[in-house]
Every structure is written in structure tokens, then in C-alpha cells.
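K.L.:
Sequence first, predicted model second:
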Amino acid sequence: MDILSLLGLVIAVAGILGGQFLEGGAVDVLLQTAAFLIVFGGTLGAVMVQHPMQVFLTGIKMAKWVFVRPKSEARQLSYRLIAWSTAARKDGILSLESQIKTVNDPFVQKGLQLLVDGHSAEKIREVMEIDLNSYETLRWQGARVWEAAAGYSPTIGILGAVLGLVHVMQSLGEPAKLGAGIAVAFIATIYGVGFANLVFLPISGKLKILIQRDVTTHEMVIDGLCMIANAENPHYIENKLKGYLP
């Protein structure tokens, strides 16, 4: 569990609700089902229209990374790459064939298979960089799903406010209801701006950080396998891989 993300969200919501309470406003005024449906439904629909199915679903699935961050395998992979380089230097690259089944990451498994098959470092890098580019492109597009939601949400909120004011204008014959009606109308704007800046943009920003971390790890794997293919000294490989680690 990413405590920082959870704590940040709690602090943001508590700050807004606390400010509302200190100003003498009722917290329950902010709970408007109609405004929520307009903002959430309108934003969701717009985002679905903009993105292909695969990109949209990838973005939704990645959202859990914000609170349940995937474990970084960079350090463990660096240890394995160093061990593989030592084994390859001592017993030959074919001795690594037994290691292929012990790897769970399909990307690393594919690279190790290319190495065992005797491909040159240039060929290994060429094939794996294509896979990495595909991986990176899809994840970045998934992160931009939330960025797009942050763009649509405030505008949909304004639309909800206008719809609320139209409803208020229909009640001009009852002046006592106008003040409360106008207040409720602008709740949609609060939802739109709030979702964009407290939820959608932070999710997009954190996902981009995590994606970059994974890309750096994959680049380390490519570099390590290519150095093994070139029969580099294990100590040199170890020193170079340390540069990829935080």
C-alpha cells in the first residue's frame, strides 16, 4: 500500500471539507447526486469516445498502481544479470539455458532466450527495444486516459452548473428557493474542478513516474544482456548496472 498517496488524498479532502465547515457551511450541501452523475458520467463518456478500448482498459487497470504500487524488480534483476554474466564467462552462454524457466517476466525471458540462441548484442538490442517501445507506448497512453479525464472534468462541471441554473430560472416565481438553487447548481463545478485536480491529474502524474521506473528497469536488462553477449567482464557489468539503481 502506498501510504503517501492515501495520506495525500485524505489530507486534500479533509482540507476542503474542513474549510467548508469553518466558513459555516454545511458539509452535506456538497453531496449532490445529480451533480456527481453529470460530472462523472459526462467525463467517463468523453474519455471513452477519445480512446481505443485497449488503451482505455489499460488506463483503468493501471489506476490501482497509485495505491498498490508494483514492486520494483530492478535490484533483483541486476543481481541475476551479474550472476548470469559470471556463469556465461565460466561455462559459456549455453549454460544459461536452464535459467530461462526460472524467469517470470516475459520481457526478460525473451531476452535471455535470444542470448542463449546465440544472437549478437546488436540483434538482441534491436528486438528487445521494439518490445520496450510497444510496452512504453501503451502504458503512456493509459496514463493519458486520466490526463484526458482531468481536461474534460472541469468543462463538464461547468455544463452541470449551467443545467442547474436553467432549472433555477424556471423557479423565478419562488424567490425563496433561488439562493439554495444557485448554490446547488455550482456544486457541479466544484465536482468537476475537484475531481480533475485531486484525483485525475495526480493519478496521471504518479502513473507516469512508475512507467518511467519500469522503462529504466527494462533498459537495464537490455544493456545487461548485451554486455553478456559481448563477453564483458562481470565486474564491469556490475559497475555499469549500479548506475540504473536508485
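P.N.:
Alright, I've got the coordinates.
K.L.:
which SS state does the closest residue to T216 other than its chain neighbours fall under?
P.N.:
Ranked by C-beta to C-beta, 6 or more residues apart in numbering and with sequence neighbours excluded, the top spatial neighbour of T216 is Y244, at 6.1 Å. Just so you know, the C-beta spots here come from the backbone N, C-alpha and C atoms, and that holds for glycine as well. Classification of Y244 using DSSP: H, G, I helix; E, B strand; the rest coil returns coil.
K.L.:
Tell me how many other residues crowd Y244.
P.N.:
Per other C-beta atoms under 10 Å, the neighbour tally for Y244 reads 17.
K.L.:
Same check on S153?
P.N.:
For S153, the number of neighbouring residues by other C-beta under 10 Å comes to 26.
K.L.:
how about it, what does it touch?
P.N.:
Residues near S153 by C-beta atoms under 8 Å, 6 or more residues apart in numbering: 39, 43, 191-193, 195-196, 200.
K.L.:
which residue ranges form the helices in the chain?
P.N.:
Along the chain, counting by DSSP state H, helices occupy 3-22, 33-50, 53-62, 74-91, 106-116, 121-169, 178-185, 187-195, 201-229, 234-242.
K.L.:
Quick one: mean pLDDT over the longest one.
P.N.:
Across helix 121-169, pLDDT averages out at 93.
K.L.:
Same question for the first one.
P.N.:
Helix 3-22 comes out with an average pLDDT of 85.
K.L.:
Kindly compare burial across the helices of the chain and name the winner.
P.N.:
helix 187-195 (a mean of 22; mean count of other C-beta atoms under 10 Å).
K.L.:
need the helices of the chain in a markdown table with distance to E97, can you?
P.N.:
Output for the helices of the chain, formatted as a markdown table (distance: least, C-beta to C-beta, whole Å):
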| stretch | distance to E97 |
| --- | --- |
| helix 3-22 | 42 |
| helix 33-50 | 46 |
| helix 53-62 | 33 |
| helix 74-91 | 11 |
| helix 106-116 | 5 |
| helix 121-169 | 15 |
| helix 178-185 | 68 |
| helix 187-195 | 52 |
| helix 201-229 | 13 |
| helix 234-242 | 19 |
